[in-house]
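Engineer: when you get a sec, could you give me coordinates for this:
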Amino acid sequence: MANYKPEGTLIDLPANRRALSSFSALQDAQAEGRILEGRAVICDSSHNLVVELGAFRGVIPREEGALGIAEGTTRDIALISRVNKPVCFKITGFSYGLDGAATPQLSRRLAQQECLDQYLSHLVPGDILDARVTHLEPFGCFVDIGCGIPSLIPIDAISVSRISHPRDRFRPGQEIKAVVRSLEPGGRICLSHKELLGTWEENAALFTPGETVAGIVRSVEEYGVFVELTPNLAGLAEPRPGVFAGQHASVYIKSLIPEKMKVKLILVDAFDAAYRVTPPPYFLTSGHIRRWRYSPACSDRLIETDFSR
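Structural biologist: Sure, this is the predicted structure:
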């Protein structure tokens, strides 16, 4: 089931390249029912996708472009937005021009249906899976969870440390991990992410009082400045004028208090910088989570996710 990966995973693999290398290789791939990938180079005026296949160019007819296109439940932007990007497909046949030239006929819909039937329909809440960021909206991060099938990580499920926009954490095209949060009516899968980024104790163990470390200012309140040390750990420094959310910072760690889940900081400096978004530090990357408790056992405050409900 793990073979059904986000689009772009197969395109440069040797087996995929061999399957696109000749007419006979394409015929073999059709006979075997294999899922292949190529780069969509044109979406024509009828919203058919033209796909680069090396020595050939194949066509994905509009209604074969994605699950839901024929039924009207998926908008055509799902096709238009694939131009100049990898698309998965199965070969359904060949058409021939007056000159005898063959044009492979392709179906992305069939590849997605197979992915849904053989992989995604077997997932349950708590399963960890691979995903690729497709686009970011103020309310969350859209990802490809297999063969171009989309899912959403709501902004409040991205990390424990609050962010103003998913771009604070991700960038389009980034490969990430996610965990199934819930199965919605209609077969939609909703995801979470924060449970993979470690508990309070796991993150606090990365730091020692007396250290000065890097951070990001996430919010400025009347009573202090919240500085993120990791995506799942933030601390509070005393107020300082001229500090703004989004700035990078250097902070001195005064203390780590597990029973209160608090990190006390002294803000050494805050400044503007355009550092690249770094990959998240995962504590879990595969398998299944039944229950995840962020809070230390000594804390009276309980923060947890129960995926078994």
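Engineer: could you pull out the helices for this protein?
Structural biologist: In the chain, the helices defined using DSSP state H lie at 14-19, 23-32, 77-80, 108-118, 200-204.
Engineer: out of those helices, which comes closest to Ala55?
Structural biologist: Closest to Ala55 of the helices of the chain is helix 23-32 (C-beta to C-beta; 7.9 Å). To be clear about C-beta, it is placed using only N, CA and C from the backbone, and glycine gets the same treatment.
Engineer: rewinding a little: need the helices of the chain in CSV (columns: mean pLDDT).
Structural biologist: Formatted as CSV, the helices of the chain follow (pLDDT from 0 to 100):
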stretch, mean pLDDT
helix 14-19, 96
helix 23-32, 96
helix 77-80, 96
helix 108-118, 97
helix 200-204, 98
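Engineer: quick check: which of these is nearest to Pro86?
Structural biologist: helix 14-19 (9.8 Å).
Engineer: quick one on the thing from earlier: looking at the helices of the chain, spot the one closest to Ser286.
Structural biologist: Closest approach to Ser286 among these is made by helix 200-204 (17.0 Å; C-beta to C-beta).
Engineer: next up, the contacts around Gln113.
Structural biologist: Leu67 (C-beta atoms under 8 Å, 6 or more residues apart in numbering).
Engineer: hmm, I typed the wrong one, I wanted Leu106.
Structural biologist: Counting by C-beta under 8 Å, 6+ apart, Leu106 touches Val51, Gly58, Val59, Ile60, Glu64, Phe89, Lys90, Ile91, Thr92.
Engineer: now rank those by neighbours and give me the top one.
Structural biologist: When neighbours are counted by other C-beta atoms under 10 Å, Phe89 leads the contacts of Leu106 with 32 neighbours.
Engineer: report the beta-bridge partners for the residue nearest to it when sequence neighbours are not counted.
Structural biologist: In space, and not counting its chain neighbours, Phe89 is closest to Leu106: 3.9 Å by C-beta to C-beta, 6 or more residues apart in numbering. For Leu106, the beta-bridge partners under DSSP bridges are Ile91.
Engineer: next: Thr230.
Structural biologist: Listed beta-bridge partners, Thr230: Leu233 (assigned using DSSP bridges).
Engineer: any idea how many residues pack against it?
Structural biologist: Thr230, neighbours per other C-beta under 10 Å, totals 21.
Engineer: could you check how far it is from Ala102?
Structural biologist: The gap separating Thr230 from Ala102 is 54 Å, by C-beta to C-beta, to the nearest Å.
Engineer: cool, and Asp127?
Structural biologist: Distance from Asp127 to Ala102, counting by C-beta to C-beta: 41 Å.
Engineer: what do you get for Ile289?
Structural biologist: 48 Å.
Engineer: the two: who's more crowded?
Structural biologist: Each of Ile289 and Ala102 had its neighbours counted (other C-beta under 10 Å), and the higher figure belongs to Ile289 (19 against 15).
Engineer: quick check: closest non-adjacent residue to that one.
Structural biologist: Using C-beta to C-beta, 6+ apart and skipping residues adjacent in sequence, the residue nearest Ile289 is Gly126, 4.5 Å away.
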